[in-house]
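> Fold the following for me, if possible:
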Amino acid sequence: MGKGAEGPINGGCVFCFGLVYIISVSLFFSSFELLNPNKIGIAKDTMTNKLTTGTVYFEGHYFLGLTKKFEIYPARSISMYLKSISATSSDNLAVSLDVSCQYRLNPDEIFKLYAKFSQSYESYYESQVREVVQAETLNWETQPDFYVNRVQIGNAMRKTLKGIFNTSHAELVGFQLRSVDLPDNLEEAIRDTIVAAQLTTTTTIEQAATLKRTEASNVEAEADAEIEEIDAQATATGTLIKADASAMYTKKVTKARANALLYTARAMNLTKSQMFELLWQQTVAANPWSSKASVGFDDATMLDNLITTSI
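This next block holds a predicted model:
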């Protein structure tokens, strides 16, 4: 009987040991927590709701214990897009605005963030953005401010929000005033203003273009006149050079003929009267029909006798 009872007892011990082992292993691995990339966390005891202060966790595996879990927050920028925010301008007209912004939680102040908002920080920041947009809209008129000064309006909203986020454990990364919906009658008036301004601009450009074309025509006419003057000067200069060249040629030919006649007279020992007679005879011989007046004869027979007797 004793030996038979030992079998069930030993089997029960083994079973209990195995069960305890499995439970211990499960509890051991349950004490680890995983923190994904782009996340930050703080450890919180789920039994007492107390935080493990002083340590901020980033991505990785951590041994926290059986009763501790992570309160997880994003480490990257968080985007917010708010549509149709109703506001009133300084001239008491209703305006609807669409805005967007990006912000990032400050890891160094994550415990303060949890103490103030727990996990409700997004709704808080959203309400702050709405309030700033509405408050800043009161400082501007619909016309002309929301027509010509939208960049300045967006910058003013961004500046105010930056201070609010900095004092609320976060950092404003970006802000955009995406669209503004004005009253219909005002938008029509603005459209008419744009059209009128465009027409004025177009007219001014056309007038400037006409003036430029006129100036170009004047410059072209002046250039043509200068070219004509230069051509006339060149023509006159060319004519003068040609006349000078012709006169110089005639002078050289005459001088050459005179030198030749003088050389002939010296070679033939001619007197001055004989030399002039020789020159007269050569002239008549060279121009028989145009030289008769120069010698005083009207009768051609005498002229023929002179030609036949010339040297």
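> Please enumerate the helices of the protein.
Remark: helices assigned in the chain by DSSP state H are 2-30, 110-117, 121-137, 145-148, 150-166, 184-268, 272-286, 292-295, 300-309.
> Endpoints of stretch 138-154, how far apart?
End-to-end distance for stretch 138-154: 13 Å, by CA to CA, to the nearest Å.
> contact partners of it?
87-91, 93, 95, 136-137, 156, 175-177, 180, 182-183, 186, 189-190, 193 (CB atoms under 8 Å, 6 or more residues apart in numbering). Just so you know, the C-beta spots here come from the backbone N, C-alpha and C atoms, and that holds for glycine as well.
> Which of those residues are buried? Put it as a PyMOL command.
Buried members of the contacts of stretch 138-154, defined by 16 or more other CB atoms under 10 Å, are picked up in PyMOL with:
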select buried, resi 87+89+93+95+136+137+156+175+177+180+182+186+190
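> Show me what counts as buried in stretch 159-173.
Within stretch 159-173, the residues that qualify as buried are 160-162, 165, 168-170, 172, counting by 16+ other CB under 10 Å.
> ignore the last one, stretch 118-132
So for stretch 118-132, counting by 16+ other CB under 10 Å, buried means 121, 125, 129-130, 132.
> can you check stretch 69-77 too?
Per 16+ other CB under 10 Å, stretch 69-77 contains these buried residues: 70-71, 73, 75.
> tell me which of those residues is nearest to residue 50?
Using CB to CB, residue 71 is the member of those that sits closest to residue 50, with 11.6 Å.
> Check residue 306 and give its pLDDT.
Note on residue 306: pLDDT of 44.
> repeat for residue 51
78.
> and what of residue 106?
94.
> Would you confirm that it contacts residue 171?
Yes - with contact defined as CB atoms under 8 Å, residue 106 counts as touching residue 171 (6.1 Å).
> any idea which of the buried residues of stretch 69-77 is least confident?
For the buried residues of stretch 69-77, the pLDDT minimum is residue 70, 77.
> bridging residues for that one?
residue 43 (DSSP bridges).
> And it, how far from residue 110?
11 Å (CB to CB, to the nearest Å).
> do the same with residue 151
34 Å.
> ok, those two, which is more surrounded?
residue 110 (18 against 9; other CB atoms under 10 Å).
> how many neighbours does the residue lying closest to residue 89 once chain neighbours are set aside have?
Of all residues not flanking residue 89 in the chain, residue 142 sits nearest, at 4.6 Å (CB to CB, 6 or more residues apart in numbering). Residue 142 has 23 neighbours, counted by other CB under 10 Å.
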